[in-house]
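Participant: Using only what follows, build the 3D model:
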Amino acid sequence: MYADTPTRRWTLRVVTPALAAVVALVALFLSPWTNSASAHGSIVDPAGRAYGCWDRWGDDHMNPAMEQEDPMCWQAFQENPNTMWNWMSLFQENLAGNWQSAISDGNLCSAGDAQGGLASSLDTVGPWTTTDISNDFSVHLYDTASHGADFFEVYVTKQGFDPTTDALGWGDLELVETTGSYPPASDITFDVSAPGRTGNHIVYTIWQASHLDQTYFICSDVNFG
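Facilitator: Next comes the predicted model:
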């Protein structure tokens, strides 16, 4: 089911000589973040904001059409390309579960600016590209390092919240799923139910990785059909 993984698509993209310069650029951007783990992960379905930008534009990031077709990814790339390239590193460490004290309202999608100022564009309010889902849907984590999970918490914005005009705060979210633990794996998928939603929303996933106190915070823009 997941044969077409992010790693496979990335491999297919970078083997061409025309993209050799991009590979070097990616290596340059990623090297500062190899501190406590050599690789990380993100929610790829429904796509997290940074991952979605990379998935749609990573091999076509110089295309001027991005500005009109995907303006939120375009503004993120203009602010700092590393927001796109480093899609797998939206984490904070040693929070001991005190997430709301570490991440203020309006800064949830950047994981409290986890990239030291490089991912703040993920908090920009606007028409982010959405994934169409039903009220019963699955969340798919792709983890390049197979950290496993102590648990996931999945929140969905309350009906009436408009992600195109409203900054996301903790009070806008409703907890809809708390999972148990998962052993190390590159792909983890679990089911979620968020009844009563229609239209555009944000799915906010908190992933507590198992290898140390490292917590990921990921916004996925969705449209409930």
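Participant: switch to C-alpha atoms for all contacts and neighbour counts from now on
Facilitator: Will do.
Participant: burial of Ile75, as a residue count?
Facilitator: For the record, residue 75 is Gln, not Ile. Neighbourhood size, Gln75 [other C-alpha atoms under 10 Å]: 16.
Participant: doesn't it fall inside a helix?
Facilitator: Yes - looking at Gln75 with DSSP: H, G, I helix; E, B strand; the rest coil, it is inside a helix.
Participant: Quick one: residues contacting it.
Facilitator: Gln75 makes contact with Glu67, Ser121, according to C-alpha atoms under 8 Å, 6 or more residues apart in numbering.
Participant: Check the burial of Cys73 by counting its neighbours.
Facilitator: Each residue near Cys73 was counted by other C-alpha under 10 Å, and the total is 28.
Participant: residues contacting it?
Facilitator: With the criterion set at C-alpha under 8 Å, 6+ apart, Cys73 makes contact with Cys53, Met66, Glu67, Trp128.
Participant: and if you look at Glu153?
Facilitator: Neighbour list for Glu153: Leu175, Val176, Glu177, Thr178, Thr179, Thr205, Ile206, Trp207 [criterion: C-alpha under 8 Å, 6+ apart].
Participant: Can you flag which of those residues belong to strands?
Facilitator: Leu175, Val176, Glu177, Thr178, Thr205, Ile206, Trp207 (DSSP state E).
Participant: Report the beta-bridge partner residues of the fifth one.
Facilitator: Which is Thr205. Beta-bridge pairing of Thr205 under DSSP bridges involves Val154, Ile218.
Participant: residue ranges of the strands in the chain, please?
Facilitator: 41-45, 91-93, 131-133, 136-143, 149-157, 173-178, 187-193, 199-209, 214-224.
Participant: can you list contacts of the last one?
Facilitator: Here strand 214-224 makes contact (C-alpha under 8 Å, 6+ apart) with 42-43, 46-49, 89-95, 108-111, 128-135, 197-209.
Participant: now that strand and strand 41-45, what's the angle there?
Facilitator: Computed with axes from the mean of the first three to the mean of the last three C-alpha atoms, to 10 degrees, the direction of strand 214-224 lies at 10 degrees from that of strand 41-45.
Participant: rounded to a whole number, what's the mean pLDDT of strand 214-224?
Facilitator: The pLDDT scores in strand 214-224 average 97.
Participant: and what of the third one?
Facilitator: Per-region confidence: strand 131-133 scores 98 on mean pLDDT.
Participant: Likewise for the second one?
Facilitator: Averaged over strand 91-93, pLDDT sits at 92.
Participant: Parallel or antiparallel, list what pairs with it.
Facilitator: Partners of strand 91-93 in its sheet, by DSSP bridges: strand 214-224 (antiparallel).
Participant: Distance check, the closest residue to Asp166 other than its chain neighbours against Ser89.
Facilitator: Taking C-alpha to C-alpha, 6 or more residues apart in numbering, and ignoring the residues beside it in sequence, Asp166 has Val125 as its nearest neighbour in space, at 6.5 Å. Distance, Val125 to Ser89, using C-alpha to C-alpha, to the nearest Å: 21 Å.
Participant: Sketch out the low-pLDDT regions of this structure for me.
Facilitator: Scanning the chain for pLDDT under 70 picks out the ranges 1-39.
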